[in-house]
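K.L.:
how would this look folded up:
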Amino acid sequence: MEKIVLQQEKETLLIPLYGKAMESKRNNPILQDEKAVEIVERIAYPFENLKINHKTNIMMSIRAAILDRFATAFIEVNPESTCFHLGCGLDSRCLRIPKIGELWIDVDFPEVIELRRNFYQESAKYKMIGSSVTDQAWIDGLPVRDGAKLVIAEGLLMYLSEAEVVSLIVRLREKLGPFTFVFDAYSKLTAKHAASHPSLKRTGAVIKWGMDETEELTDQITGMHLREKMYFADAANIQQLSGGMKFMFRFSNCFQTAREAHRVLAFEIQ
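P.N.:
Residues are numbered from 1 along each chain as shown. Model (predicted):
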């Protein structure tokens, strides 16, 4: 068994990991993630202390499925692409999607990547980088190749300040040139109340950023344009839920505040 010694925002990687593992054990799951099941079974950690409820599991699985579909479609159109998964944790997107393009790079804190190396092996097309995403050095060291670039951030940006989010995007553009950026974002109201979520309270992680209007970013970053908004309650995301859960998601989707509380956004950065 692998022992876990992580704190605050680093420990939050265990929440989606466990959620995906639990969802994968259901009949007709939203997301099939056998790697998550394997890792949870190999880790010595009291997951029950995180108090992850069923709705949270569903939300994290839907989020992952949305991002999986986006990455899959992007690589189908751009088979020579380079993909960067920021704040990757122990996620297995590099295994879940059919192809990973010309190069796939997973990035997270050094101690997270050290743990990750127990479960994933690098190859010519798959690399791992141990660094805080806010550090400049890892960006300076990135390989710059021809072809399209996709940057994915799942469950990450809410732990950064707005200034750090803007700086990260600008520095990536300076290094990579044009790229597509897809990430999930809280509304300001969700960010304000997220600290009361029992799983986050358990880890001590601090939510720093939420965004109501996409112009809050695009007005600060020249050449950044919204490509697509993807909502958790969209029909394609809830078709495998029980009748009661479907009703709850459909009902909440009728209200803009609920619909925008947590969504996935894709931007083109020119």
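K.L.:
Where does Thr257 sit, in terms of helix or strand?
P.N.:
Following DSSP states H and E, one finds Thr257 within helix 256-259.
K.L.:
Look up the closest residue to Gly141, ignoring the ones flanking it.
P.N.:
Nearest in space to Gly141, with sequence neighbours left out and distances taken as CB to CB, 6 or more residues apart in numbering, is Ile129 at 7.8 Å. C-beta: built from backbone N, CA, C; applies to glycine.
K.L.:
Could you double-check that that neighbour sits in contact with Asp106?
P.N.:
Yes: counting by CB atoms under 8 Å, Ile129 touches Asp106, with 7.3 Å between them.
K.L.:
anything in contact with each of the two?
P.N.:
Contact criterion CB atoms under 8 Å, 6 or more residues apart in numbering; residues shared by Ile129 and Asp106: Ile113.
K.L.:
what about these two, which has more around it?
P.N.:
Between Ile129 and Asp106, counted using other CB atoms under 10 Å, Asp106 has the larger neighbour count: 27 against 19.
K.L.:
which phi and psi does that one have?
P.N.:
phi -100, psi 130 (degrees, to the nearest 10).
K.L.:
Could I get the contacting residues of the nearest residue to it once chain neighbours are set aside?
P.N.:
Excluding its sequence neighbours, the residue lying closest to Asp106 (CB to CB, 6+ apart) is Cys88, at 3.9 Å. By CB under 8 Å, 6+ apart, Cys88 lies in contact with 106-108, 112, 116, 128.
K.L.:
Could you single out the nearest of these to Lys51?
P.N.:
Lys51 lies nearest to Val112 out of these, by CB to CB, at 21.9 Å.
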